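Asks: sequence plus predicted model, see below.
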Amino acid sequence: MNEYDFLGLPDTCKVNKTIFKNMFYEVAGVSRADKKLFTDVIEKVTWLYNLRPDTINVFTYKDEEKDYSEIEVIEVTLKEEKSLDRIAEVIMMAIPYAMLLVFRKDDSYKFYVAQHVTSKADFSKNVLGELISSDWQIKESDLLKNLDFKGFRFSNYYDMYIDIVDAISIFNAQKLIDSKQNLTGEEARAVSDKINTIDTEIENLKAMTKKETQFNRKMELNIKIQNLVKEKKKIMEGKND
């Protein structure tokens, strides 16, 4: 049984070819530390699937800022979990196509997506958008069920990729909120960003409070923390304005 049957992709899209790590070392900005990271952390990189017009019947999409001519599914099997955001960034910059990047460790999966925007100054260089990732998932998780390509739009590769990004974004947001709000992908990303920003602010304020020696200043910081906690609770309950 194929470990990626949950994606629902036809055999015509299968590639299953090893991508050698030294290919990524040629990307601009890759440092010695990055190369060491790849050596220490990555066991193997595999090109699993290639979705393009001659492997699956979907139209390409191109405008002034976007070029979605195909979608890649890349697997990275890991020796250890370390600096995955940086590894994902390097891989996605090296392969400038829409990508579902899968980190694999034992029987768990962690997914990354990011939209590419074509550089107007140099169309050969793409700009990588915000990295969006899931937490670690097992085969029975709801997210894997939501990543079945048969449920995505087949109108063109841009629409299909947005559906992938939205599936991960909505899953992430639903884990953060108390009620099962019906969110669009854009709303889900906004909710996640707000909650993550508030959590960061709270942690920063707590750190400042520990260092503060003046009682009045400690009180001010604690009031700010309490207000942020209330704001977060409203967002989680779907009551944010």
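Replies: Perfect, I can see it now. Numbering: from 1, shown residues only.

Asks: phi, psi of the closest residue to residue 115 other than its chain neighbours?
Replies: Distance criterion C-beta to C-beta, 6 or more residues apart in numbering; nearest residue to residue 115, sequence neighbours excluded, is residue 129 at 4.0 Å. The C-beta positions use only the backbone N, C-alpha and C, and glycine is treated the same way. Dihedral pair for residue 129: phi -80, psi -170, per degrees, to the nearest 10.

Asks: pretty sure residue 129 is touching residue 112, no?
Replies: No. Using C-beta atoms under 8 Å, residue 129 makes no contact with residue 112, being 11.8 Å away.

Asks: in contact with the residue nearest to residue 115, which residues?
Replies: 114-117 (C-beta atoms under 8 Å, 6 or more residues apart in numbering).

Asks: try residue 50
Replies: With contact set as C-beta under 8 Å, 6+ apart, residue 50 has these partners: 13, 15, 70-73.

Asks: ok, and what's touching stretch 166-173?
Replies: By C-beta under 8 Å, 6+ apart, stretch 166-173 touches 111, 113, 132-135, 142-143, 146-147, 152, 183-185, 187-189, 191-192.

Asks: what does stretch 71-79 give?
Replies: 4, 7, 9, 19, 40-52, 87, 91, 95, 97-105, 157, 160-161, 164.

Asks: now do stretch 133-148
Replies: So stretch 133-148 is contacted by 6-8, 84-85, 88, 100, 105, 107-113, 164, 167-168, 170-172, 175 (C-beta under 8 Å, 6+ apart).

Asks: separate out the buried members of those residues.
Replies: Buried members of the contacts of stretch 133-148, scored by 16 or more other C-beta atoms under 10 Å, are 6-7, 84, 88, 100, 109-113, 164, 167-168, 170-172.

Asks: export the contacts of residue 50 to TSV and append columns for distance to residue 232.
Replies: Listed next are the contacts of residue 50 as TSV, based on distance: C-beta to C-beta, whole Å:
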residue	distance to residue 232
13	41
15	43
70	40
71	35
72	36
73	35
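
Asks: inside strands: which ones of those?
Replies: 15, 71-73 (DSSP state E).

Asks: nearest residue to residue 99 other than its sequence neighbours?
Replies: residue 72 (4.7 Å).

Asks: next one, pLDDT for the one you found please.
Replies: pLDDT for residue 72: 97.

Asks: over to residue 28?
Replies: For residue 28, pLDDT reads 65.

Asks: re the thing from before, is it possible to mark the buried ones in the contacts of stretch 71-79?
Replies: Buried among the contacts of stretch 71-79 (16+ other C-beta under 10 Å): 4, 7, 9, 19, 41-42, 45-51, 87, 91, 95, 97-104, 157, 160-161, 164.

Asks: picking up where we left off before, in strands only, show me the contacts of stretch 166-173.
Replies: Per DSSP E, the subset of the contacts of stretch 166-173 in strands is 111, 113, 132-133.

Asks: between the ones in strands among the contacts of residue 50, which is closest to residue 29?
Replies: Nearest to residue 29 among the ones in strands among the contacts of residue 50 is residue 72, at 20.7 Å by C-beta to C-beta.

Asks: so which helix or strand takes in residue 160?
Replies: helix 157-176 (DSSP states H and E).

Asks: same question but for residue 216, I mixed them up
Replies: helix 215-236.

Asks: and for that helix, what are the contacting residues?
Replies: 176-179, 191, 194-195, 198-199, 201-202, 205-206, 208-209, 212, 240.
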